[in-house]
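1. here's my sequence, what's the structure:
(chains A and B)
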Number of protein chains: 2
Amino acid sequence: MANPRIGIIGAGQLGRMMALAAYPLCIDCRFLDTAQNAPGGQVGPIHVGALDDADALRALAGEVDVLTFDIENVPIEVLEQVAGQVSVYPQPKVLAAAQDRLAEKRLFRELGIPTAAFVPVDDEHDLDRAAQTLGWPIVLKRRRLGYDGRGQRMADDSASLVHGWRELDRAPAIAERWVNFERELSLIGVGGAEGSLRFYPLSENVHADGQLVCTIAPYEDEDLTLTAERWLEKLMRRYDYRGVLTVEFFHTDAGLLANEFAPRVHNSGHWTIEGAQTSQFENHLRAILGWPLGETAPRGHAAMLNLLGELPDRARVLAMRGVHFHDYGKQPRPKRKLGHCTIVDPDRDRLLKRFAPLQALIAETNC
Amino acid sequence: MANPRIGIIGAGQLGRMMALAAYPLCIDCRFLDTAQNAPGGQVGPIHVGALDDADALRALAGEVDVLTFDIENVPIEVLEQVAGQVSVYPQPKVLAAAQDRLAEKRLFRELGIPTAAFVPVDDEHDLDRAAQTLGWPIVLKRRRLGYDGRGQRMADDSASLVHGWRELDRAPAIAERWVNFERELSLIGVGGAEGSLRFYPLSENVHADGQLVCTIAPYEDEDLTLTAERWLEKLMRRYDYRGVLTVEFFHTDAGLLANEFAPRVHNSGHWTIEGAQTSQFENHLRAILGWPLGETAPRGHAAMLNLLGELPDRARVLAMRGVHFHDYGKQPRPKRKLGHCTIVDPDRDRLLKRFAPLQALIAETNC
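-> Residues are numbered from 1 along each chain as shown, chains lettered A, B, ... in the order given. Here you go, the predicted model:
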């Protein structure tokens, strides 16, 4: 029997970890990305081309059974062109909603999923309307192509709001009421064939400058978990969703507010490689191939730390008891995600005690 | 910093799983084996050539920092030729002892490690001597190139002993007293730089027709564990051993008897991928690169089942809760090791209860 073949648009660390989860199952992954030595290209075959190169995408589509992506800025038109040629999961229409913060927020609202108050911004008049509707501070976010805190500006008054919008090149945006949250949580779900659905436990995420620094999971709160699962289920059922889906939440006094969703495997789920019965990467592959989904139960408590900008001394990390080191094979650059480390422990308090020295070591090199 | 590079002689499933453990650490593995589509060749670059092809081996050695092997029948002369060009771990002299059952047994004895009584057999006169010394039944084993029960004959009397020896082409052999054992156990150790040593817990192995069928670990017996660890330590210290080493034992009324050792990662350690803090494959790589060794503590109780001859229906296996499926990408053939499955559970009794339906399913297809 021939191996199932998956084409992955984007060969970043997410695609790389998908391919590594694929090998034990004899699933062949191949990539499309702009550089031969992209993280994924180091572990599997890669087509070198722009992500919006229709010819390159058609060539990849012609070699595989299913197409998926590890990055959100894949042009929908191009994806839809190949959707007749090969299955594309997650479905391009969900990706379209994720690419536009306004469509995303409206979708949440339509499904009864609470979000921060927001106002669409297309011209400077909308800025006034936003100020009147939302009060201060306001977060202005480009509708498209923002990630890891990029394409966002905080504003405390009208002048800084106008200034911020100009800095964002007056691109279509949304103005959001600032949410005073206690913590950020995310929920990762996976949708398979015939309506099968599974959820990983809630994860608690710590960001700095808009970028994920660490995740600790599970965040044990039964009510919040059930609420978040109900919301993800609505979102996934709406699209007959296939693959891994991540929703990020603000946890506030008044409960959860959905911030954004990602129709893909997610940085806040890297802990599942060692910390869950089946990793998010393996489950994404199972889902898009129509295979039975794997168990999502945690294997104890897990803490994941991103390695940003520069890698720490490998020997020092590996010498720490039970630290799992993941190097994505990328060149150092400030704030760039180069790898991550995970620790798993049956006991949460002991996990946090073991995590502290790792954090201290990584703090020396992260930049 | 350039990635460390490891050359693996032999691209079977053991080499394949080494390469898969290497990717997250950005270690580059490349292989030498006789077929492009060998299990390892499906996940990394491969030189196609005979294992005793000195030119091919030199070419591989020239591209890597360390050479290792996933198979024992690598010609020592050829290995020693490249040992000046590149580090070879485990050391060729240990491999030499492992390749010859007589040298292996004598080494055990020399180190004070008990074995079954044995007699070297070089001609038919030695068969008489064996019969007088050992009593019946006797197991006749070729000194070289036997594995998975091949190259062995049981004999109940002189006639069958002579017949068996002729069937083994009168090759140099050893005659062993049959050991009436309760179970087979194995211990896997790993030796790193500067004398660092770690041991996985004892594993219990079930064989059929000389071939490993399943492993359950840890086998919890503190006395036996300490004894086996002491013996492995002697063996490893003798050679300043670098890499993973496996010793198989018979567990008898009188304690442990060493049966054989393998200077490599081992089928009875496949459970460590999901069942231990660090897999035997990752620890082998760390050891031969001189990196700090990873924690060998178990993550609960694990059961590993070999998939022999033919693979089971993948969907049925994946639908079983918490079953990890490993497909080596090999063509079906009776008795051939095509893959394995592992289940991990914090509770041993529950593990065995969950393992039974997996065994039943696999029994339908193993051949």
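2. what count of nearby residues applies to the closest residue to residue A:280 other than its chain neighbours?
-> The shortest distance from residue A:280 to any non-neighbouring residue, by CB to CB, 6 or more residues apart in numbering or on different chains, is to residue A:269 (3.9 Å). (C-beta placed from N, C-alpha, C; glycine too.) Neighbourhood size, residue A:269 [other CB atoms under 10 Å in any protein chain shown]: 30.
3. quick check: residue A:269 vs residue A:201, distance?
-> In this structure, residue A:269 and residue A:201 are 10 Å apart, going by CB to CB, to the nearest Å.
4. ok, now residue A:242?
-> For residue A:242, the distance to residue A:201 equals 22 Å [CB to CB].
5. let me know the pLDDT of the residue nearest to residue A:280.
-> Per-residue confidence (pLDDT) for residue A:269: 98.
6. which residues touch the most centrally placed residue in chain A?
-> By CA atoms, centre = their mean, chain A has its centre lying nearest to residue A:266, at 3.2 Å. Neighbouring residues of residue A:266 by CB atoms under 8 Å, 6 or more residues apart in numbering or on different chains: A:186, A:188, A:244, A:246, A:280.
7. contacts only, for residue A:294.
-> Taking CB under 8 Å, 6+ apart, one finds A:198, A:277, A:278, A:282, A:283, A:286, B:318, B:322 in contact with residue A:294.
8. of the contacts of residue A:266, which is the most crowded?
-> For those, counting by other CB under 10 Å, the largest number of neighbours falls to residue A:244: 31 neighbours.
9. neighbours around the residue of the stretch 1-150 of chain A found nearest chain B, how many?
-> Taking CB to the nearest CB, chain B has its nearest neighbour within the stretch 1-150 of chain A at residue A:26, 4.1 Å off. Using other CB under 10 Å, residue A:26 is surrounded by 22 other residues.
10. where does it land on pLDDT?
-> 97.
11. and it, how far from residue B:264?
-> 23 Å.
12. cool, and residue A:13?
-> Here the criterion is CB to CB. By it, residue A:13 lies 31 Å from residue B:264.
13. other SSEs contacting the lowest-mean-pLDDT helix or strand in chain A?
-> Counting by mean pLDDT, DSSP states H and E, chain A has its least confident helix or strand at helix A:76-82, which shows a mean of 91. In this structure, helix A:76-82 makes packing contacts with helix A:54-61, strand A:66-69, helix A:92-99, judged by 3 or more CB pairs under 8 Å, 6 or more residues apart in numbering or on different chains; DSSP states H and E.
14. quick one: mean pLDDT for the second one?
-> Along strand A:66-69, the predicted local confidence has a mean pLDDT of 98.
15. next: the first one.
-> If you average the pLDDT over helix A:54-61, you get 93.
16. which strands and helices sit next to that helix?
-> Counting contacts by 3+ CB pairs under 8 Å, 6+ apart, helix A:54-61 packs against strand A:5-9, strand A:28-33, strand A:46-48, helix A:76-82.
17. could I get the ones you listed in a markdown table, plus columns for mean neighbour count?
-> Shown next, in a markdown table, are the helices and strands packed on helix A:54-61 (neighbours: other CB atoms under 10 Å in any protein chain shown):
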| stretch | mean neighbour count |
| --- | --- |
| strand A:5-9 | 24 |
| strand A:28-33 | 25 |
| strand A:46-48 | 20 |
| helix A:76-82 | 17 |
